[in-house]
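Participant: A structural model of the following input is requested.
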Amino acid sequence: MLLIIQGILSGIPAGVTYGLMGFSIALIFRTTGVMNFAIGHCGMMGVFFGWMILGFTNSLPLAILSGVVFGWILGVVIERFLMRPINNMSHGGMLIITLGLLFIFTDAAMLIWGTEAYPFPEIYAGAPLIFNTSAQPIIISANDVALTIVGLVLSVILALILGYTKIGIASRARAQDVIGARVVGINTDRIDMIAWSAGIAIAVIVGFLVAPKESVQPNMLLNLLIFGLVACVLGGFGSPFGAIAGGLVLGVLEKVATVFVPVDYRLAIILFIVIAVLVLKPSGIFAKHVKTRA
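Facilitator: The predicted structure follows:
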């Protein structure tokens, strides 16, 4: 029982990162209809930029801020110069572009920074939380606590922005009916740019959250991309906040599964669960309906 509790507590921080990565994927997909397979590597580029700023300034807050701003600008460039010109042609073409960007960013990172894994400081390097029990103590690292708090606070902020601001309402209108949104005066190109920029900026934040464990290297967010996609499947691709909930469920399942099965089999179990969800409820556990796009 204690091992299960430890697994649940360990799974929450991991689930927060899966959920935020899923949110970034779902935000772009819901708004523009494009599945951005390069979002993990876009986030990686932002983390590398922040890592360089950290080396110059030795300021972690400035490094994180710089990386997030870099990610936002990268999103503007990708949307404006790659996605917008073919926006009325094919979502398939956009998908191919994101796959191309994945390989371009991987090779660019290797050429600029090499393949070495660089260390990155923890968000909060305090004493771990220890809960003594009659059998064995339950230990939670201070960085995991900080990661969870940051992730949940960010989720609340995103919820408020999407639910109660003009930008959030406009993005939902654009997602539901692009022509109708234009008729009522919404600049859909601007909304698309914000969705791409915000999605990549969130991926950069995820990169900084996991960098202390994953180190800074070209494929640091590749697994997070996969788990983010799984979170979207569980929560529904049309629901960014469903993706966050799906990520939390996924993180807990992943850690608890290691209590009963070898680590080598946990991914197979998770993928089996995904297949079951797709068969029984294709729209996702937390989605109300399947949203289709032309």
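Participant: all strands of the stretch 1-150 of the chain, in order?
Facilitator: Counting by DSSP state E, counting those that start in this stretch, the stretch 1-150 of the chain has these strands, from start to end: 129-131, 138-140.
Participant: for the last one, packing partners?
Facilitator: Where contact means 3 or more CB pairs under 8 Å, 6 or more residues apart in numbering; DSSP states H and E, strand 138-140 is packed against helix 2-32, strand 129-131. Yep, even glycine has a C-beta here, placed from its N, CA and C like the rest.
Participant: which of the ones you listed sits closest to residue 209?
Facilitator: Minimum separation from residue 209 across the helices and strands packed on strand 138-140 (CB to CB) falls at helix 2-32, 5.5 Å.
Participant: show me how far the closest one is from its chain's centre.
Facilitator: 8 Å (CA atoms, centre = their mean, to the nearest Å).
Participant: and for stretch 117-130?
Facilitator: In terms of CA atoms, centre = their mean, the centre of stretch 117-130 is found 21 Å from the chain centre.
Participant: shaky segments in the stretch 151-294 of the chain?
Facilitator: For the stretch 151-294 of the chain, residues meeting the criterion pLDDT under 70 lie at 287-294.
Participant: and if we set it to 80?
Facilitator: Along the stretch 151-294 of the chain, segments meeting pLDDT under 80 span 238, 259, 262-267, 269-271, 273, 283, 286-294.
Participant: distance of residue 78 relative to residue 183?
Facilitator: Noted for residue 78: a distance of 27 Å to residue 183, by CB to CB, to the nearest Å.
Participant: more crowded one of these two?
Facilitator: Set residue 78 next to residue 183 and count neighbours by other CB atoms under 10 Å: residue 78 wins out with 21 against 9.
Participant: tell me the contacts of that one?
Facilitator: By CB atoms under 8 Å, 6 or more residues apart in numbering, the contact list for residue 78 reads 42, 101, 196, 200.
Participant: mind putting the helices and strands packed on strand 138-140 into TSV with distance to residue 260 and mean pLDDT?
Facilitator: Formatted as TSV, the helices and strands packed on strand 138-140 follow (distance: least, CB to CB, whole Å; pLDDT from 0 to 100):
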stretch	distance to residue 260	mean pLDDT
helix 2-32	9	92
strand 129-131	22	81
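Participant: nearest to residue 248, of the ones you listed?
Facilitator: Among these, helix 2-32 comes nearest to residue 248, with 3.8 Å by CB to CB.
Participant: pull out the buried positions in stretch 259-279.
Facilitator: Of all the residues in stretch 259-279, those buried under the rule 16 or more other CB atoms under 10 Å are 266, 270, 273-274, 277.
Participant: what are the C-alpha coordinates of it, in CSV please?
Facilitator: C-alpha atoms of stretch 259-279 as CSV (Å, rounded to 0.1, in the frame of the first residue of the first chain):
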residue,chain,number,x,y,z
VAL,A,259,4.7,-1.3,-8.4
PHE,A,260,3.1,-4.3,-10.1
VAL,A,261,5.1,-4.8,-13.4
PRO,A,262,8.7,-4.3,-14.5
VAL,A,263,9.6,-0.9,-15.8
ASP,A,264,10.1,-2.3,-19.3
TYR,A,265,6.4,-3.2,-19.6
ARG,A,266,4.8,0.0,-18.3
LEU,A,267,4.8,1.8,-21.7
ALA,A,268,3.0,-1.2,-23.2
ILE,A,269,0.4,-1.1,-20.5
ILE,A,270,-0.1,2.6,-21.0
LEU,A,271,-0.5,2.2,-24.8
PHE,A,272,-3.0,-0.6,-24.2
ILE,A,273,-5.0,1.8,-22.1
VAL,A,274,-4.8,4.4,-24.9
ILE,A,275,-6.1,1.8,-27.4
ALA,A,276,-9.0,1.0,-25.1
VAL,A,277,-9.9,4.7,-24.7
LEU,A,278,-9.8,5.1,-28.5
VAL,A,279,-12.1,2.2,-29.0
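Participant: and that stretch, how far out from the chain middle?
Facilitator: With CA atoms, centre = their mean, you get 20 Å for stretch 259-279.
Participant: I'd say residue 147 and residue 15 touch.
Facilitator: No: between residue 147 and residue 15 there is no contact under CB atoms under 8 Å: 10.6 Å.
Participant: more crowded one of the two?
Facilitator: Ranked by neighbour count (other CB under 10 Å), residue 147 and residue 15 place residue 15 first, with 28 against 25.
Participant: now the more buried one: how far from residue 139?
Facilitator: 18 Å.
Participant: how about residue 240?
Facilitator: Counting by CB to CB, the gap from residue 240 to residue 139 is 32 Å.
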